[in-house]
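> With the sequence up front, the predicted model follows.
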Amino acid sequence: MKKLIALVCIMVLGIAGIAAQDNISGDWTPDGASWLGDIKIKSMGGDEYKIRLSTSDGVFTTTGKLYNGTIYADFEDEAPEYGEFWVENGDIRVGRGGGGYSSNGAVSGWHGGSQSKHRSLSRYGCATVEKSRCYIKLEFTQKGMNAYIKFRGDYYKKGMAIFYQESNWGPANTYTQW
């Protein structure tokens with residue numbers, strides 16, 4: 001009898017989970033103005049979703065995975081930037097013509113022990129490409145959806161990621177499904 005009750009509970013939870021996933025797909029409209037606008041979500045089967053995001057910078061399409069009622073996804077939000085990038089006193093430096101430089105702010109972290117190998121601690125051993133990504137987190141609630149974003153720049157030398165800079169998660173907007 002206990003096995004039968006457990007089986008029925010698992011089936012009910014499974015059906016509720018499928019119904020909740022069906023409510024995720026569709027058109028989502030922001031409740032206020034922000035960088036992140038309308039979002040369209042389409043189920044690709046299982047825990048994968050195709051996401052179309054309208055932003056102030058254009059329209060982006062990506063795929064994401066659902067985990068515990070939240071879809072996680074990311075996309076390249078800018079074209080790669082080429083130049084000279086190195087870390088000095090904890091800040092990311094950007095080379096300028098004539099030997100000058102500017103700062104992109106503090107480095108957030110290092111890939112694969114790059115810091116200890118001093119691969120990019122000088123202008124002469126610098127990274128040459130910055131790739132920018134936007135990470136999104138879409139949390140589904142009984143009232144709608146809450147969207148969060150964070151941005152990250154990875155710096156590459158000869159195709160290998162050396163260091164990165166990223167923001168914290170921040171609220172982007174609340175959404176209503178239509």
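Sure thing, it's come through.
> which residues pair with Thr29 across the strands?
Beta-bridge pairing for Thr29 (DSSP bridges): Thr176.
> and the nearest residue to Tyr101 once chain neighbours are set aside, how many neighbours?
Nearest residue to Tyr101, sequence neighbours excluded (C-beta to C-beta, 6 or more residues apart in numbering): Arg93, at 4.7 Å. (C-beta placed from N, C-alpha, C; glycine too.) Summarising burial for Arg93: neighbours were counted as other C-beta atoms under 10 Å, giving 20.
> residues contacting Arg93?
84-87, 101-104, 123 (C-beta atoms under 8 Å, 6 or more residues apart in numbering).
> change it to 7 Å
For Arg93, the contact set (C-beta atoms under 7 Å, 6 or more residues apart in numbering) comprises 86, 101, 103.
> hang on, isn't the last one packed against Gly90?
No - in this structure Ser103 lies outside contact range of Gly90 using C-beta atoms under 7 Å: 10.3 Å.
> Let's see which of the contacts of Arg93 end up in strands.
86, 101, 103 (DSSP state E).
> For Lys158, give me phi and psi.
Dihedral pair for Lys158: phi 50, psi 40, per degrees, to the nearest 10.
> tell me the pLDDT at it?
Per-residue pLDDT puts Lys158 at 88.
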